[in-house]
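A.B. asks: Predicted model and sequence follow; I will ask about them next.
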Amino acid sequence: MKSKWVLITVFVLAACMAVWALAAKDFSGTWVLDPSKSDQMMGGRGGGAPGGPVEIVIAHSGNELTITRTFQGNPMETKYILDGAEHTQSSGRGGELKYKAAWDGDNLVISGTRVTQRGEMPMKEVYSLSEDGKVLTIATTRSGPQGEQVFKQVYNKK
(Lines give C-alpha, C1' and ligand atoms only; values in the text may rest on other atoms or scores of the structure.)
Protein backbone atom coordinates (compact mmCIF):
# COMPACT_ATOMS: atom_id res chain seq x y z
CA MET A 1 0.00 0.00 0.00
CA LYS A 2 2.81 2.39 0.91
CA SER A 3 4.60 1.81 -2.43
CA LYS A 4 1.36 2.64 -4.24
CA TRP A 5 1.24 6.08 -2.59
CA VAL A 6 4.90 6.68 -3.33
CA LEU A 7 4.28 5.83 -6.99
CA ILE A 8 1.23 8.11 -7.17
CA THR A 9 3.16 10.95 -5.51
CA VAL A 10 6.07 10.57 -7.95
CA PHE A 11 3.65 10.53 -10.91
CA VAL A 12 1.83 13.67 -9.71
CA LEU A 13 5.12 15.51 -9.12
CA ALA A 14 6.40 14.51 -12.57
CA ALA A 15 3.17 15.70 -14.19
CA CYS A 16 3.34 19.04 -12.35
CA MET A 17 6.97 19.54 -13.38
CA ALA A 18 6.13 18.77 -17.03
CA VAL A 19 3.28 21.30 -17.01
CA TRP A 20 5.51 23.90 -15.34
CA ALA A 21 8.31 23.27 -17.87
CA LEU A 22 5.93 23.70 -20.82
CA ALA A 23 4.50 26.89 -19.36
CA ALA A 24 7.99 28.34 -18.89
CA LYS A 25 8.78 27.81 -22.58
CA ASP A 26 5.84 29.58 -24.18
CA PHE A 27 7.04 31.87 -26.99
CA SER A 28 3.52 33.08 -27.87
CA GLY A 29 3.06 36.77 -28.47
CA THR A 30 3.76 39.69 -30.76
CA TRP A 31 7.43 40.62 -30.86
CA VAL A 32 9.06 43.79 -32.26
CA LEU A 33 12.72 43.83 -33.31
CA ASP A 34 15.06 45.92 -31.17
CA PRO A 35 17.51 47.21 -33.82
CA SER A 36 19.95 48.54 -31.21
CA LYS A 37 20.51 45.02 -29.81
CA SER A 38 20.26 43.08 -33.09
CA ASP A 39 22.84 42.30 -35.74
CA GLN A 40 22.42 43.56 -39.30
CA MET A 41 21.28 40.72 -41.58
CA MET A 42 22.06 40.29 -45.25
CA GLY A 43 19.45 41.90 -47.51
CA GLY A 44 18.73 44.82 -45.18
CA ARG A 45 16.76 42.89 -42.57
CA GLY A 46 17.66 43.05 -38.92
CA GLY A 47 19.08 46.07 -37.15
CA GLY A 48 18.26 49.27 -39.00
CA ALA A 49 15.81 47.58 -41.35
CA PRO A 50 14.29 50.03 -43.84
CA GLY A 51 10.53 50.46 -43.77
CA GLY A 52 10.10 50.30 -40.00
CA PRO A 53 10.54 47.61 -37.37
CA VAL A 54 10.42 43.93 -38.14
CA GLU A 55 7.58 42.26 -36.27
CA ILE A 56 6.94 38.59 -35.62
CA VAL A 57 3.87 36.93 -34.16
CA ILE A 58 4.33 33.53 -32.53
CA ALA A 59 1.50 31.15 -31.74
CA HIS A 60 2.81 28.34 -29.53
CA SER A 61 0.40 25.59 -28.59
CA GLY A 62 1.65 22.28 -27.24
CA ASN A 63 3.92 20.66 -29.82
CA GLU A 64 3.32 23.25 -32.57
CA LEU A 65 4.84 26.65 -33.21
CA THR A 66 3.66 29.06 -35.91
CA ILE A 67 5.78 32.10 -36.66
CA THR A 68 4.48 34.95 -38.83
CA ARG A 69 7.26 37.34 -39.78
CA THR A 70 6.40 40.72 -41.30
CA PHE A 71 9.03 42.58 -43.33
CA GLN A 72 7.94 45.95 -44.72
CA GLY A 73 4.28 44.96 -44.44
CA ASN A 74 4.66 41.52 -46.10
CA PRO A 75 3.76 38.59 -43.81
CA MET A 76 5.39 35.14 -44.16
CA GLU A 77 4.15 32.21 -42.06
CA THR A 78 6.23 29.19 -41.02
CA LYS A 79 4.90 26.27 -38.96
CA TYR A 80 7.06 23.92 -36.93
CA ILE A 81 6.33 20.65 -35.14
CA LEU A 82 8.43 20.46 -31.96
CA ASP A 83 8.98 16.72 -31.65
CA GLY A 84 12.62 16.32 -32.71
CA ALA A 85 11.65 14.34 -35.83
CA GLU A 86 12.54 15.46 -39.35
CA HIS A 87 9.78 17.32 -41.19
CA THR A 88 9.56 18.87 -44.67
CA GLN A 89 7.49 21.87 -45.70
CA SER A 90 7.24 24.31 -48.58
CA SER A 91 9.24 27.47 -48.00
CA GLY A 92 7.92 29.58 -50.86
CA ARG A 93 9.25 30.30 -54.33
CA GLY A 94 9.38 26.58 -55.11
CA GLY A 95 11.76 25.79 -52.24
CA GLU A 96 11.38 23.57 -49.22
CA LEU A 97 12.60 23.40 -45.67
CA LYS A 98 13.71 20.13 -44.07
CA TYR A 99 14.00 20.68 -40.33
CA LYS A 100 14.06 19.23 -36.83
CA ALA A 101 12.76 21.28 -33.90
CA ALA A 102 13.41 20.22 -30.32
CA TRP A 103 14.03 21.61 -26.85
CA ASP A 104 17.53 21.97 -25.44
CA GLY A 105 16.82 22.94 -21.85
CA ASP A 106 14.81 26.17 -21.99
CA ASN A 107 15.90 26.91 -25.57
CA LEU A 108 14.10 25.85 -28.72
CA VAL A 109 16.52 24.69 -31.42
CA ILE A 110 15.38 24.50 -35.05
CA SER A 111 17.96 23.07 -37.42
CA GLY A 112 17.76 21.88 -40.97
CA THR A 113 18.32 22.64 -44.61
CA ARG A 114 16.57 25.15 -46.84
CA VAL A 115 16.48 23.82 -50.42
CA THR A 116 16.18 26.52 -53.09
CA GLN A 117 17.01 26.99 -56.76
CA ARG A 118 20.48 28.07 -55.63
CA GLY A 119 21.08 24.80 -53.76
CA GLU A 120 20.95 23.60 -50.18
CA MET A 121 21.59 26.01 -47.33
CA PRO A 122 22.03 24.56 -43.82
CA MET A 123 20.52 26.66 -41.02
CA LYS A 124 20.12 26.63 -37.25
CA GLU A 125 18.02 28.94 -35.07
CA VAL A 126 18.11 28.97 -31.27
CA TYR A 127 15.14 30.70 -29.58
CA SER A 128 15.51 31.83 -25.97
CA LEU A 129 13.43 33.96 -23.61
CA SER A 130 14.58 36.31 -20.86
CA GLU A 131 13.69 35.34 -17.30
CA ASP A 132 10.71 37.74 -17.29
CA GLY A 133 9.47 36.50 -20.71
CA LYS A 134 9.60 39.99 -22.25
CA VAL A 135 12.68 39.59 -24.48
CA LEU A 136 13.06 36.97 -27.20
CA THR A 137 16.50 36.31 -28.68
CA ILE A 138 16.97 34.33 -31.88
CA ALA A 139 20.56 33.29 -32.65
CA THR A 140 20.85 32.19 -36.29
CA THR A 141 23.58 30.38 -38.19
CA ARG A 142 23.22 29.96 -41.97
CA SER A 143 25.58 28.55 -44.56
CA GLY A 144 25.42 29.52 -48.22
CA PRO A 145 27.46 30.56 -51.23
CA GLN A 146 29.00 33.45 -49.25
CA GLY A 147 30.02 31.15 -46.39
CA GLU A 148 28.67 30.93 -42.88
CA GLN A 149 26.63 33.83 -41.48
CA VAL A 150 26.00 34.13 -37.76
CA PHE A 151 23.72 36.81 -36.35
CA LYS A 152 21.42 37.58 -33.46
CA GLN A 153 18.00 39.22 -33.39
CA VAL A 154 16.51 40.59 -30.18
CA TYR A 155 12.77 41.21 -29.93
CA ASN A 156 10.71 42.95 -27.24
CA LYS A 157 7.24 41.70 -26.40
CA LYS A 158 4.57 44.11 -27.58
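C.D. replies: That came through, no problem.
A.B. asks: who does Tyr127 bridge with?
C.D. replies: Using DSSP bridges, the beta-bridge partners of Tyr127 come out as Leu108, Ile138.
A.B. asks: For it, which residues are in contact?
C.D. replies: Phe27, Asn107, Leu108, Val109, Ile110, Leu136, Thr137, Ile138 (CB atoms under 8 Å, 6 or more residues apart in numbering). From N, CA and C alone the C-beta is placed, and that goes for glycine too.
A.B. asks: again, but for Ala59
C.D. replies: Applying CB under 8 Å, 6+ apart, we find Ala59 in contact with Ser28, Leu65, Thr66.
A.B. asks: The residue nearest the centre of the chain and Val115: what is the separation?
C.D. replies: Centroid check for the chain by CA atoms, centre = their mean gives Tyr127 as the closest residue, at 4.7 Å. To Val115, Tyr127 is 22 Å away according to CB to CB, to the nearest Å.
A.B. asks: buried sites along stretch 61-77?
C.D. replies: Leu65, Ile67, Arg69, Phe71 (16 or more other CB atoms under 10 Å).
A.B. asks: ok, now stretch 102-110?
C.D. replies: Leu108, Val109, Ile110.
A.B. asks: Three-state assignment for the last one, please.
C.D. replies: Three-state secondary structure (criterion: DSSP: H, G, I helix; E, B strand; the rest coil) places Ile110 in strand.
A.B. asks: need the contact list for it.
C.D. replies: By CB under 8 Å, 6+ apart, Ile110 lies in contact with Tyr80, Tyr99, Lys100, Ala101, Lys124, Glu125, Tyr127.
A.B. asks: Then Thr66?
C.D. replies: Here Thr66 is in contact with Ile58, Ala59, His60, Glu77, Thr78, Lys79, Tyr80 (CB under 8 Å, 6+ apart).
A.B. asks: Sitting in strands, which of those do you find?
C.D. replies: Those of these mapping onto strands are Ile58, Ala59, His60, Glu77, Thr78, Lys79, Tyr80, per DSSP state E.
A.B. asks: could I get these as TSV with pLDDT and distance to Asp132?
C.D. replies: Shown next, in TSV, are those (pLDDT from 0 to 100; distance: CB to CB, whole Å):
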residue	pLDDT	distance to Asp132
Ile58	97	17
Ala59	97	21
His60	94	17
Glu77	89	27
Thr78	90	26
Lys79	93	27
Tyr80	95	24
